[in-house]
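Colleague: Sharing a model that was predicted from the sequence below.
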Amino acid sequence: MKLTKITSRDEDFAKWYTDVCMAANLVSYSNIKGSMIICPNGYAIWEEIQKIMDAEFKKLGHQNVQMPLFIPESLLNVEKEHVEGFAPEVAWVTHGGDEKLEERLCVRPTSEVLFCDYYKNVIKSYRDLPKLYNQWCTIVRWEKTTRPFLRSREILWQEGHTMHETEDEAINETLQMLHVYEDFQRNYLALPVIVGLKTEKEKFAGAIKTYTIEAMMYDGVALQNGTSHYFGNHFAKAFNISFLDRDNKLQTPYQTSWGTTTRMIGAIIMTHGDDHGLVLPPKIAPTKVIIIPIGNDEKIQKTVNEIAKQLDVSFEIDNSNKSPGFKFSESEVKGIPIRLEVGQRDLENNEITLVRRDTLEKIKIKVNEVKNEVEKYLEIIQKDMYNKALARRNSMLYTANDYEEFKNIAQNKPGFIKINWCGNEECETKIKDETGLKSRCILLDEESDGNCIICHKKGLHKIYFGKQY
RNA sequence: CGAGAAGUAGCACAAUUUGGUAGUGCACUACAUUUGGGAUGUAGGGGUUGCAGGUUCAAGUCCUGUCUUCUCGACCA
């Protein structure tokens, strides 16, 4: 018996990635380009993500709703910048059965206009604010290049849409959710993300400000792993959403939206995975422990049952009659954080073997201490995975003091390059056209300390550039 | 969307050059024996050769279109 062979990560990263997706049974291709089948192993990870994030959203007062799948063309057209940004990548429904529709319907590429169309009916007074809604749903964007999890046409995601009485409150919400994403990705997904502000050129169509979560993959390429937008009130104005404030004056509310997708699963794979397959951070691993009996005599089975009784975390027992080596490999491909090998040899000393998925280190532990040891190592693995990813990312962060240096790094070293930037789009575009690197994000906690490396005018921001998926 | 490559069972491939009964390994099913790093034996099941046309007595093989996947580029909040 053999599992699907995985291409070496350093030999061909792109192939390695698809091999891991397939070998771990996370996804399957469908007949439609860019629409992937998320298999049980993949969906279980999404459910873990969903469970944690959804609870966090609710703790902060958000409620889940479900908006329509379709947007009438006239509704999409209400906000000009927004429609210009999305028109090139929307899918249209033109027929119902055999009959041509009076008005085309677009399959939502995002739901700002749907929420606005609804909010205009339900927001009348300051007492109706804030509106803090979220929905878990799929959207469609007709991407030209597609890859499992990283870029698909049908996207499974979560989108929050909120309306607020004041500008400050809306800005706070935008930042609050940005940090919810940041904390979640750091603490649960073990991703050392960089948060920042998108440039005017890269911001969301229709937003005033777009904040972003930028993760760096093993190969130094960026993955935008979540965004949080502040809209001001121009959508609200375009949609005639207004309310009477505390002084009985008519006001326009302020809006935010924020979203994360199953792309986060792609980030987990590309950050933590290795040549043996997936490596899941313990906190979001659907199965945290797999128990593998070696042989099936009575004493072994008895010990397995004892351990199962002890454990307080989700686990599986592999009682199949496949060879131990096969079971080991399979548990590694699937990325299960801890493997417990129960066999005759160790049992003579009242021990079993604990194997860490992240390091593949084998550790002997006493049978009656399994519970504590497992819990201890789940924590250690979670922490070590983050630190390992952090060290690798830091090793691929560069600073360029002039454009020559920038070009040199861009050509020879994968990763992000930090520069001083004047804030003008021409300089940003020049870099993109000449090096292929796009701006990732303006740093929030670091000021410019020199001149723009392109035009040499006074720097306005510190900003990262990098290649992206 | 442009250039290139590829599609034969779940996976990897053979048969295509020279048109003539679609085959092998792994995976799958049953039973037995095995079990400390990808087990062994025996017996089975699975294919309108991506799809649609065309040429031909005959197409996996030749021709046209189309879809999907991969690589590079363009696009991408």
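Modeller: Nice, thanks for sending it over.

Colleague: Report the central residue of chain A.
Modeller: Taking CA atoms, centre = their mean, the centroid of chain A lies closest to A:M264, which sits 2.5 Å from it.

Colleague: Now do it against A:I284, distance only.
Modeller: Distance, A:M264 to A:I284, using CB to CB, to the nearest Å: 9 Å. Heads up, the C-betas are built off the backbone N, CA and C, glycines and all.

Colleague: ok so, going back, any idea of the mean pLDDT for the helix or strand the residue nearest to the centre of chain A falls within?
Modeller: Assessed by DSSP states H and E, A:M264 sits inside helix A:263-272. Taken as a whole, helix A:263-272 has an average pLDDT of 96.

Colleague: wait, does it contact RNA strand B?
Modeller: No: if you take CB under 7 Å from any atom of the strand as the test, helix A:263-272 misses RNA strand B, and the best it gets is 8.1 Å.

Colleague: One more: stretch A:164-178?
Modeller: No: judged by CB under 7 Å from any atom of the strand, stretch A:164-178 stays clear of RNA strand B, getting no closer than 13.5 Å.

Colleague: follow-up on the earlier one: which ones are touching the residue nearest to the centre of chain A?
Modeller: A:49, A:185, A:189, A:225-226 (CB atoms under 8 Å, 6 or more residues apart in numbering).

Colleague: mind showing which ranges of the stretch 1-150 of chain A have poor pLDDT?
Modeller: Within the stretch 1-150 of chain A, the ranges that satisfy pLDDT under 70 run A:1-4.

Colleague: again, 90 this time
Modeller: A:1-12, A:14-15, A:28-36, A:79-89, A:94-100, A:144-145 (pLDDT under 90).

Colleague: name the element the nearest residue to A:F204 once chain neighbours are set aside belongs to?
Modeller: Closest residue to A:F204 apart from its sequence neighbours, by CB to CB, 6 or more residues apart in numbering: A:T210 at 4.5 Å. Assessed by DSSP H and E, A:T210 sits inside strand A:209-216.

Colleague: after that strand, next one along is what?
Modeller: strand A:222-232.

Colleague: And that following strand, what does it pack against?
Modeller: helix A:167-187, strand A:209-216, strand A:254-261, helix A:263-272 (3 or more CB pairs under 8 Å, 6 or more residues apart in numbering; DSSP states H and E).

Colleague: between these, which gets nearest to A:R108?
Modeller: Smallest distance to A:R108 across the helices and strands packed on strand A:222-232 (CB to CB): 12.1 Å, for strand A:254-261.

Colleague: got a list of contacts for that closest one?
Modeller: Here strand A:254-261 makes contact (CB under 8 Å, 6+ apart) with A:53, A:110, A:112, A:115-116, A:155-167, A:169-171, A:173-174, A:177-178, A:181, A:213, A:225-233, A:235-236.

Colleague: what's the average pLDDT for the lengthiest helix in chain A?
Modeller: As assigned by DSSP state H, the longest helix anywhere in chain A is helix A:370-394. In this model, helix A:370-394 carries a mean pLDDT of 98.

Colleague: That helix near RNA strand B at all?
Modeller: No: between helix A:370-394 and RNA strand B, judged by CB under 7 Å from any atom of the strand, nothing touches; the nearest distance is 13.5 Å.

Colleague: roughly how far is the helix or strand containing A:E306 from the heart of the chain?
Modeller: Per DSSP H and E, A:E306 falls inside helix A:298-310. The chain centre lies 38 Å from the centre of helix A:298-310; the measure is CA atoms, centre = their mean, to the nearest Å.

Colleague: what angle do that helix and helix A:370-394 make?
Modeller: Orientation check (axes from the mean of the first three to the mean of the last three CA atoms, to 10 degrees): helix A:298-310 against helix A:370-394 gives 70 degrees.

Colleague: I am finished for the moment; much appreciated.
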